[in-house]
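In: Structure for the following, please:
(chains A and B)
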Amino acid sequence: MTRLFPFVLFSLLILATAPLPVSAQQAGPPPAADDQALPAAAESQRPQATATTTDPAPAMDATPGPPERGRAWYVTVMLVMLYSIVFLICVYMVRHYRFTLNRLFGEQRHPYLDVDEGDWPTVTVLVPAHNEEAVIAHNLEALLDTNYPHDKLIIVPVNDRSTDRTKEIIDDFARRYPDNIKPFHRTGGTPGKSAALKDVTETVDSDVILVFDADYIPGRGLIKQLASPFFDPEVGAVMGRVVPINCGKNLLTRLLDLERAGGYQVDQQARMNLRLVPQYGGTVGGVRVAALESVGGWREDALAEDTEITYRLLLAGWKTVYQNRSECYEEVPEVWPVRIRQIRRWAKGHNQVAFRYGFALLGNRRSSFLEKLDGLLLLGVYLMSPILMLGWILALTLFFLGENPFHSIIAILSVVAYGALGNFAAFFEIAAATRLDGTTRRLRLLPLNMLGFIVSVVSIAGATFSQVMPHNLFGNKLVWHKTERYRKTEHKPT
Amino acid sequence: MNELAGVIVAPLVLFVLTVGWWLLAFFPALRELYQRSDVESLRVVREYDNDVHYFARRFRARVDSYLENTTASSKERGASVSNALQHRIHYLLVRDDGSVVLPPSGDPKGSGVNIVLAPTAVTLPRETALTIELFAANSLHGGEANIFRAILAEQDISLGKGSTVLRWLHASGAIRADSDCTLYGRASSDRLIVLANGCSFEHLHAPRIEFGEAEKPDHDEHSGLKTTPLGPKALSKTVEVTGRRWLIHHDVDIPAGRFIDADIVAIGSLRVGAGCHISGSIKGHEDIQIDQGVRIDGSVVSVENIYLAHDCHVRGPVLSERDIYVGPGCRIGMPQRRTTVNADNLYIAPGTVAFGTVRARASAQVRSGRPV
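Out: Prediction:
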């Protein structure tokens, strides 16, 4: 019960600032003289209010006001839209706070982390690689150095039409470790990670598939940690935590480091704790082959195969598990154009999943109510950027139209606008994450995250609008969206 | 003039104050941006692999480095603290008779001593308290109510009744703990751990772990089990079959003496009747009750409690997010297929044998008498 206290308090705050019902307004004191500027709806109710109350300033009321008129239909529509958007933002705000408070004060779930021994499943590690000469050798060396039983481990570098030295490096490793490294070279077929995964999965004969991006450097115990949840017959997918390795490079990488910390340390783990919908992120994670097959395998046309598979598994009654302590380094974008391309790609993929599976999730009897709610909110995360921009436009337009019917809604809007502009609730997540990570000094950069937030909102909104353009709806061409690497090539074939 | 001030100055002051207030948050941000006091990536320990022998390995390396600097003659003589200090090695020696050569102050910690060496097999008297790590080059026989900080032994360790180990212990040979011992942290052996009734622990790891008196032979007593197959529809009309998995959206009660060749997931409680054989794994969203003589080849996973009645055999991991109660005569894992038992609290009846790791997030006890 004590855990509910913050939410009760928050609800009371919202109620305290919420617009009064009409009857309550009528019972209160009359509007002041300068309320002549009040918009139509308020004006239409005004004579009725003055008729039923004792007016302390009759002289004021004697002043002739504007002629009574009904509210234009489009204004009503805009108001309804604006209030709906405010409501949505409030829902997300509550969600962020719920997650953060859970991480700070709630019960933490790590049910599979302590599995030391067992009859480990056979694991195939897929490493999709497209022009990854700078990083692929580090990745393969680290994978070979893990403590997973080597007789149950196959590493498959998936070289998809690389034009640099990637193929040469992979083949060199395969020569040296023929029992554990089985390369898969693609020279044709549909481009893209989803298609590459689909092709290579047909050749896999293991219980579990794990996927690592080529720039990831797994620790010695990571494969065991990621494989252990599959002892649970209900688990269909697992996800670990990615940690930026080039965090200190510049402002962008430092901001992304904060963002990642909030996303994984708080958001993903809270969803795990609360038995909601942790998300498989496509790398540092994996899927049970039987589960994957039961939902039809990877979809070639998926723009975000990770989110896609999370939801298809959820619909089929499989759980995705998040392991916060299964950490792995990754590179984050160091320049803004790369970051913008990355987030646009994520947004499009996420939105695609939202439109494909949103309604199916609502009616899914294998998911609990909370899973449905969280699943839908997670699907709507990227849609909120264009919605938020629309909200800003509506608020400004209504203001200049003179629409200010309920003065107290402005108070709410102010709070929410601040929350939205500064992404306050999400920033709270980041602050909590740095505390949990024990890296609190970097938290001072938090106000600068406003910059990253604005760039993200604009990029995502742009991506979403472009997604609904006819030429994209009907003629989508899949390509390898590769994030630029910043490490130097060091591998010398032996 | 005053009106002009009211019109211009007041809004201007308000604007400046507002902007100033807003910019205030950016000062520490800009300072951190340029000072770069916290730019390191979050430390991910690549070498961390959940190795139960980690402390023992590190301690052995430390002991080895000490012994390299200690002459054999001084060890044989029973080196005094002053002799040890001459080599900058701070240690106490345990003599063959079990007496510890204490520094003049009588306080090991106060003298800067940070290790206790037992070069030969020793037997310690009752109520000995060693609050620094002990290295036994041979076997160690503790007396009653001994207290140790940590122990590393090259051969067997036996702990007397009511003894306590505060941090960890590891033996290349067997570890035997008499009744009512408390083992905090990790206890690992390369061969065997035997805990008597009344012992409590947190983390055990060995090829074979016996709780109380193990009466069962090692051969598979369930190999001749007589069972009749049970299909999914006979178990539940609403079962969803996906490959090997049977997903059932309510409580499940498997009748006694049945054989099921599948993984079972129950979105509710799950009861497995006596003498059943399940070739796959089982998962319950509520309590799992496994009756006597059941054999499960895969894992047993529950969001709530797991109750194993007597003489059950689970070959895979047994994982609970709450508590596990294990009845007498159960076997978990196999000699050639070690496994893991993990829960918040564990209650294990004497007569149970496990192979691999037995670990409690809060506490574990060997005790009889708990009705399952």
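
In: Poorly predicted segments of chain B, please.
Out: Low-confidence segments of chain B, defined by pLDDT under 70: B:1, B:46-48, B:65-114, B:214-225, B:369-372.

In: let's go with 80 and repeat that
Out: Low-confidence regions of chain B, defined by pLDDT under 80, span residues B:1-7, B:45-50, B:62-120, B:131, B:213-226, B:368-372.

In: How about the contacts made by the spatially most central residue of it?
Out: Within chain B, the residue whose C-alpha comes closest to the C-alpha centroid is residue B:203; the distance, by CA atoms, centre = their mean, is 2.2 Å. Listed by CB atoms under 8 Å, 6 or more residues apart in numbering or on different chains, the contact partners of residue B:203 are B:52, B:185-187, B:357-360. Quick note: C-beta positions are derived from backbone N, CA and C, even for glycine.

In: 7 Å - rerun?
Out: Counting by CB atoms under 7 Å, 6 or more residues apart in numbering or on different chains, residue B:203 makes contact with B:185-187, B:359.

In: mind checking how far stretch B:163-179 is from the chain centre?
Out: How far stretch B:163-179 lies from its chain's middle: 13 Å, per CA atoms, centre = their mean, to the nearest Å.

In: The residue of the stretch 51-200 of chain B found nearest chain A in helix, strand or coil?
Out: Residue nearest to chain A within the stretch 51-200 of chain B (CB to the nearest CB): residue B:52, separated by 6.5 Å. Under the three-state scheme (DSSP: H, G, I helix; E, B strand; the rest coil), residue B:52 adopts coil.

In: isn't it right up against residue B:205?
Out: Yes. Between residue B:52 and residue B:205 a contact is recorded at 4.3 Å, counting by CB atoms under 7 Å.

In: who has more neighbours, these two?
Out: Neighbour tally, residue B:52 and residue B:205, criterion other CB atoms under 10 Å in any protein chain shown: the higher count belongs to residue B:205, 23 against 19.

In: Give the bridge partners for that one, please.
Out: According to DSSP bridges, residue B:188, residue B:357 are recorded as the beta-bridge partners of residue B:205.

In: show me the contacts for it.
Out: Applying CB under 7 Å, 6+ apart, the residues contacting residue B:205 are A:116, B:52, B:186, B:188, B:357.

In: Out of those residues, who's the most crowded?
Out: When neighbours are counted by other CB under 10 Å, residue B:357 leads the contacts of residue B:205 with 26 neighbours.

In: Can you give me the distance of that residue to residue B:51?
Out: Residue B:357 sits 12 Å away from residue B:51, taking CB to CB, to the nearest Å as the criterion.

In: and if you look at residue B:44?
Out: Separation of residue B:44 from residue B:51 (CB to CB) stands at 16 Å.

In: who has more neighbours, the two?
Out: Each of residue B:44 and residue B:51 has its neighbours counted (other CB under 10 Å); residue B:44 has more, 19 against 16.

In: Helices along the stretch 151-300 of chain B, start to end?
Out: Per DSSP state H, counting those that start in this stretch, the stretch 151-300 of chain B has helices spanning B:232-235. These are given in chain order.

In: repeat for the stretch 251-400 of chain A
Out: For the stretch 251-400 of chain A, applying DSSP H, counting those that start in this stretch gives helices covering A:251-261, A:269-273, A:289-294, A:305-315, A:336-362, A:369-379, A:384-400.

In: Kindly export the third one (C-alpha atoms) in CSV.
Out: Translated: helix A:289-294. These are the backbone C-alpha positions of helix A:289-294, laid out as CSV (Å, rounded to 0.1, in the frame of the first residue of the first chain):
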residue,chain,number,x,y,z
VAL,A,289,14.2,-21.1,-31.8
ALA,A,290,11.1,-23.1,-31.1
ALA,A,291,9.3,-19.9,-30.1
LEU,A,292,10.6,-18.1,-33.2
GLU,A,293,9.4,-20.9,-35.4
SER,A,294,6.0,-21.0,-33.7
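
In: thinking in terms of the whole chain, how far from its middle is that helix?
Out: Here helix A:289-294 is found 25 Å from its chain centre; the criterion is CA atoms, centre = their mean.

In: Do that helix and chain B come into contact?
Out: Yes. Judged by CB under 7 Å from any CB of the partner chain, helix A:289-294 comes into contact with chain B through A:290, A:294.
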